[in-house]
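**Q** Fold the stuff below for me.
(one chain, ligands or ions: 1)
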Amino acid sequence: MQEKDNTRRKVLIGLTTAVSLSGIPFAATPFIASWNPSARAKAAGASVKVDVSKMQYGQQIQVAWRKQPVFVIRHTKESLKGLEATLSKLRDPNSEDIDELYRGQNLTRSKSSEYTVIAGVCTHLGCSPKYHPEVEPKPWDASWAGGFFCPCHGSMFDMVGRVFKGVPAPTNLPVPPHFFNGSILTIGEDEELA
Ligand code: FES
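**A** So this is what the prediction gives:
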């Protein structure tokens with residue numbers, strides 16, 4: 001089982017891709033491990049902390065939490081404005097089909113107006129969707145406005161992880177509990193939800 005988990009983790013990490021944005025230098029998507037949690041804390045699925053202040057606008061990083069990737073995206077103002085253009089393509093724009101933790105707080109679906117925090121696991125069969133923030137025609141969508149594409153069976157999600165209509169993935173990418181203390185993002189807990 002452990003070996004299987006390790007293999008899966010390697011596959012997920014292997015799916016991490018480079019990101020390109022007009023006006024923003026090429027940036028690899030780093031996979032950030034948690035800040036030295038103890039082995040016991042890791043086993044219990046302890047929360048992880050990440051300083052997100054150094055992220056570039058438009059950048060995505062992956063953070064490991066409970067052996068699963070969590071995507072953190074720092075949005076540009078343009079990408080948040082562009083969410084409107086994709087609304088008609090979405091199956092569940094208000095996340096009514098899932099337990100949305102921070103419904104209505106921000107366009108990002110998170111507790112921040114600038115960062116999105118979503119599970120990096122496709123809700124179809126568990127592949128890791130790839131980040132494609134470019135607004136340009138893609139083989140899978142001629143009017144692509146940026147978002148996530150799952151290479152396994154073609155599911156599409158917008159820039160904040162909401163699923164498109166007519167794709168295999170049944171629901172939006174879930175938002176894990178989290179909170180921000182200045183630029184320190186904690187994933188895995190939120191006292192306000194307790
Ligand atoms: S696992 Fe993502 S579309 Fe099937």
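
**Q** and the nearest residue to residue 165 once chain neighbours are set aside, what does it touch?
**A** Spatial nearest neighbour of residue 165, excluding adjacent residues (C-beta to C-beta, 6 or more residues apart in numbering): residue 91 at 4.6 Å. Using the backbone N, CA and C atoms, a C-beta is placed for each residue, glycine as well. Residues in contact with residue 91, defined by C-beta atoms under 8 Å, 6 or more residues apart in numbering, are 162-166.

**Q** Try it again at 7 Å.
**A** Counting by C-beta atoms under 7 Å, 6 or more residues apart in numbering, residue 91 touches 163-165.

**Q** which of these has the most neighbours?
**A** residue 163 (31 neighbours; other C-beta atoms under 10 Å).

**Q** Go ahead and confirm that residue touches residue 172.
**A** Yes - under the criterion of C-beta atoms under 7 Å, residue 163 makes contact with residue 172 at 5.2 Å.

**Q** Quick check: bridge partners of residue 74?
**A** Under DSSP bridges, the beta-bridge partners of residue 74 are residue 115.

**Q** burial measure for it, as a count.
**A** 20.

**Q** State the pLDDT value of it.
**A** Reported pLDDT at residue 74 in the predicted model: 98.

**Q** mind listing what the nearest residue to residue 192 once chain neighbours are set aside touches?
**A** Spatial nearest neighbour of residue 192, excluding adjacent residues (C-beta to C-beta, 6+ apart): residue 179 at 7.0 Å. Contacts for residue 179 (C-beta under 7 Å, 6+ apart) come out as 111, 186, 190.

**Q** any idea how far the closest residue to the last one other than its chain neighbours is from the ligand?
**A** Computed as C-beta to C-beta, 6+ apart, the closest residue to residue 190 that is not its neighbour in sequence is residue 177, at 4.2 Å. Counting by C-beta to the nearest ligand atom, to the nearest Å, the gap between residue 177 and the ligand amounts to 24 Å.

**Q** Residue 177 is in contact with residue 186, isn't it?
**A** No - using C-beta under 7 Å, residue 177 is not in contact with residue 186, being 8.9 Å away.

**Q** What are the buried residues along stretch 79-94?
**A** If you call a residue buried by 16 or more other C-beta atoms under 10 Å, then stretch 79-94 has these buried ones: 79-80, 82-83, 86, 89-90.

**Q** That should have said stretch 59-73, apologies.
**A** Neighbour count says stretch 59-73 has 59-65, 68-73 buried, by 16+ other C-beta under 10 Å.
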